[in-house]
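Peer 1: Take a look and give me a structure for this.
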Amino acid sequence: MEETNSKSSVPFWRLMRVAVTFLGFLGMIAHFSQKVNVGIALVCMVNHSAIEQNKLNSTTTLIAHTNDSCPQTNNTNHIEGPFIWTKTMQGIILGAYFWGYIITQIRAGYLAGRFGPRFLFGGAIIVSSLVIAFMPIVASVQAGSIFALSIGGLMCSWHFAGGWPLIFYSAAVFGFVWDIFWILFYTNSPRNHRFISTQEKECILQNTQQQLPNSNKNDFHVPWRAILTSPACWALFIIHMCNNWGTYTFLTSIPKYIDEVLKFNIKSNGFLSALPYIALCININISGIIVDVIIRKNLLTTTNTRKLFTIFGSLLPAIFMIGLAFMTCQLKYVAVVLLTIGVAFQDCCFGGGYLLVANDIAPAYTGIVFDISNTLATIPGIVSPYVVGALTEKDPSNWLIVFFICAAIYIIGTIVFTLLGSGELQPWARTSIAARVSFENPLSKENDQSVKINNGS
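Peer 2: The predicted model follows:
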């Protein structure tokens, strides 16, 4: 009763944990804005006319798909940039982000435990903002998601700051400004927070207190052999890789598809590229609520729940991918609907599918299992843009092949996870849970001491 009163005495809108949560949300916007802005920027960085002329000079046959069955209604359909980059080169550029992503992913868990989210997350955004700010300059030497995609197309058409460089500059400025507030208002422990009330601090410490014995991190041993030979883990790794192939194909190549195949103008491109992710944001909350109800009322086992929502999040996008393969610019609005619904259903994997499995099957080793899974699942981010570029280099009609490949990979991942996947605690993960939680929760030891002091012991 006393705890309830202490929580209710502070208005919701004044709770520091709400402010910190909102800051984290803005931080993810900054992160994804910087992650996807190259995709929309490439549409207006590249000199399409020069590339087409090079293709005409190198071949005597003009691909039938390039006939003007959908004439451009205005001259904003293509904004000619300064770079004559082939589609294969564009694919390499789009995949370059994931080279850095996969390298840092390997040690991300250790760095998070060593330095905490305050300086790791804040430092990562500062570094990426610096790199993004210099991107137009570096590019010139050679010749989230919703936020960047939706305004990127509009910025391309502006003359201020050269048009497309503004996409990078705005993302960098947003990251720098966010970082200032993050460093000011976030701490790794509520004990050290300058603005939190005593009541809220005590509430957080009491509710995060682990009722488990402390252990030295030297006592913690990772069962590498068990993890790497576990069918449940490999089912997770495979579905994660297969699903990410589609995810990263969508994320990096939607602007190109909307430009090359559907032939929307550049201003529409940005909004239409963001539209699927607006639907995803709405649907992810709905699926999360449904999953909570299913598990809370024991309507399905955890394993069957994870499999069901993974099927929704992988098989349904595969079906819509097949539909997209047959779309043309004459059916552009139908294609946008299919694209939006296909991406929206992906969130079923996020809200209740395979992305939660690492915590289900190995709660003591969640960070390690997910680090392995996410590292492997980054490989499609490197390969997929290159494949898209190589396939559509000379024949835009090969987008049909791109979508069929995506659909096939989605289906393979779904079959593997349905047969081998699990949402139950694995036998090899039943040991050392106490040691793992104590080691991964830096507040645990401090909270133990705090509770002892408060209890007068």
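
Peer 1: and L236, how many neighbours?
Peer 2: Per other C-beta atoms under 10 Å, the neighbour tally for L236 reads 31. Where C-beta positions appear, they are placed from N, C-alpha and C, glycine not excepted.

Peer 1: what do you get for R296?
Peer 2: Quick note: R296 (other C-beta under 10 Å) scores 8 neighbours.

Peer 1: For it, report the pLDDT, please.
Peer 2: What the model reports for R296 is a pLDDT of 88.

Peer 1: With adjacent residues omitted, what lies nearest to W234?
Peer 2: When the adjacent residues along the chain are set aside, W234 lies closest to L420, with 6.9 Å between them (C-beta to C-beta, 6 or more residues apart in numbering).

Peer 1: can you tell me how far that neighbour sits from T378?
Peer 2: Using C-beta to C-beta, to the nearest Å, we find L420 at a distance of 22 Å from T378.

Peer 1: who's in contact with the residue nearest to W234?
Peer 2: Under the criterion of C-beta atoms under 8 Å, 6 or more residues apart in numbering, the contact partners of L420 comprise P231, A232, W234, A235.

Peer 1: Kindly report the same for M321.
Peer 2: By C-beta under 8 Å, 6+ apart, the neighbours of M321 are G246, G342, F403, F404, C406, A407, Y410.

Peer 1: now those in TSV, with distance to D179 and secondary structure?
Peer 2: Below are the contacts of M321 laid out as TSV (distance: C-beta to C-beta, whole Å; DSSP: H, G, I helix; E, B strand; the rest coil):
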residue	distance to D179	secondary structure
G246	32	helix
G342	34	helix
F403	39	helix
F404	42	helix
C406	36	helix
A407	40	helix
Y410	37	helix
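
Peer 1: from these, which single one is nearest V131?
Peer 2: Taking C-beta to C-beta as the measure, G246 is the one of the contacts of M321 closest to V131, at 26.9 Å.

Peer 1: Tell me who's in contact with the residue nearest to that closest one when sequence neighbours are not counted.
Peer 2: The shortest distance from G246 to any non-neighbouring residue, by C-beta to C-beta, 6+ apart, is to C406 (4.8 Å). Under the criterion of C-beta under 8 Å, 6+ apart, the contact partners of C406 comprise W245, G246, T249, A318, M321.

Peer 1: For those residues, work out which two are farthest apart.
Peer 2: Looking across the contacts of C406, with C-beta to C-beta as the criterion, the two at the greatest separation are T249 and A318, at 12.0 Å.

Peer 1: quick one on the thing from earlier: of the contacts of C406, which is the nearest to A171?
Peer 2: Distance from A171 was checked for each of these by C-beta to C-beta. The minimum falls on T249, at 21.9 Å.

Peer 1: The helix or strand harbouring F98: which residues count as buried?
Peer 2: Taking DSSP states H and E as the definition, one finds F98 inside helix 87-106. Of the residues in helix 87-106, those buried by neighbour count under the rule 16 or more other C-beta atoms under 10 Å are 87-95, 97-98, 101-102, 105.

Peer 1: Just put the contacts of L420 in JSON lines and tack on pLDDT and neighbour count.
Peer 2: Shown next, in JSON lines, are the contacts of L420 (pLDDT from 0 to 100; neighbours: other C-beta atoms under 10 Å):
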{"residue": "P231", "pLDDT": "95", "neighbour count": "13"}
{"residue": "A232", "pLDDT": "95", "neighbour count": "25"}
{"residue": "W234", "pLDDT": "97", "neighbour count": "18"}
{"residue": "A235", "pLDDT": "97", "neighbour count": "23"}
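
Peer 1: Secondary structure for these - can I get that in JSON lines?
Peer 2: What follows is those, written out as JSON lines (DSSP: H, G, I helix; E, B strand; the rest coil):
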{"residue": "P231", "secondary structure": "helix"}
{"residue": "A232", "secondary structure": "helix"}
{"residue": "W234", "secondary structure": "helix"}
{"residue": "A235", "secondary structure": "helix"}
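
Peer 1: Turn the residues you listed into CSV, columns for distance to G24.
Peer 2: As requested, these are arranged in CSV below (distance: C-beta to C-beta, whole Å):
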residue, distance to G24
P231, 34
A232, 30
W234, 32
A235, 30
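
Peer 1: For C349, state which of the residues you listed is nearest.
Peer 2: A235 (13.2 Å).

Peer 1: List the contacts of G175.
Peer 2: The contact partners of G175, taken as C-beta under 8 Å, 6+ apart, are A30, S33, Q34, I125, I126, S128, S129, I132.

Peer 1: Quick check: the two most widely separated of the residues you listed?
Peer 2: Pairwise distances across the contacts of G175 peak at 14.6 Å for S33 and I126 (criterion: C-beta to C-beta).

Peer 1: of these two, who's got more company?
Peer 2: Set side by side, S33 and I126 give different neighbour counts by other C-beta under 10 Å, the larger being at S33 (25 against 18).

Peer 1: Just confirm the more buried one is within a helix.
Peer 2: Yes: membership of S33 in a helix is supported by three-state DSSP.

Peer 1: If you average the pLDDT over stretch 352-366, what comes out?
Peer 2: Summarised as a single mean, pLDDT over stretch 352-366 is 89.

Peer 1: Show me which positions of it end up buried.
Peer 2: Along stretch 352-366, these residues count as buried under the neighbour rule (16+ other C-beta under 10 Å): 352-358, 360-366.

Peer 1: sorry, back to before: only alpha carbons, please: show the helix holding F98 as CSV.
Peer 2: Output of helix 87-106 as CSV, limited to C-alpha atoms (Å, rounded to 0.1, in the frame of the first residue of the first chain):
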residue,chain,number,x,y,z
LYS,A,87,23.3,0.0,-59.6
THR,A,88,25.9,-2.6,-58.5
MET,A,89,27.9,0.2,-56.9
GLN,A,90,24.8,1.6,-55.3
GLY,A,91,24.2,-1.8,-53.8
ILE,A,92,27.7,-1.9,-52.4
ILE,A,93,27.1,1.6,-50.9
LEU,A,94,23.8,0.6,-49.4
GLY,A,95,25.4,-2.5,-47.8
ALA,A,96,28.4,-0.6,-46.5
TYR,A,97,26.6,0.5,-43.3
PHE,A,98,26.2,-3.2,-42.3
TRP,A,99,30.0,-3.8,-42.4
GLY,A,100,30.4,-1.5,-39.5
TYR,A,101,27.3,-2.8,-37.9
ILE,A,102,28.4,-6.5,-37.9
ILE,A,103,31.9,-5.6,-36.5
THR,A,104,30.6,-3.6,-33.5
GLN,A,105,27.8,-6.2,-32.9
ILE,A,106,30.3,-8.8,-31.9
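
Peer 1: Specify the local secondary structure of I322.
Peer 2: The assignment at I322 comes out as helix when based on three-state DSSP.

Peer 1: ok, it - contacts?
Peer 2: With C-beta under 8 Å, 6+ apart as the criterion, the residues that contact I322 are F403, F404, A407.
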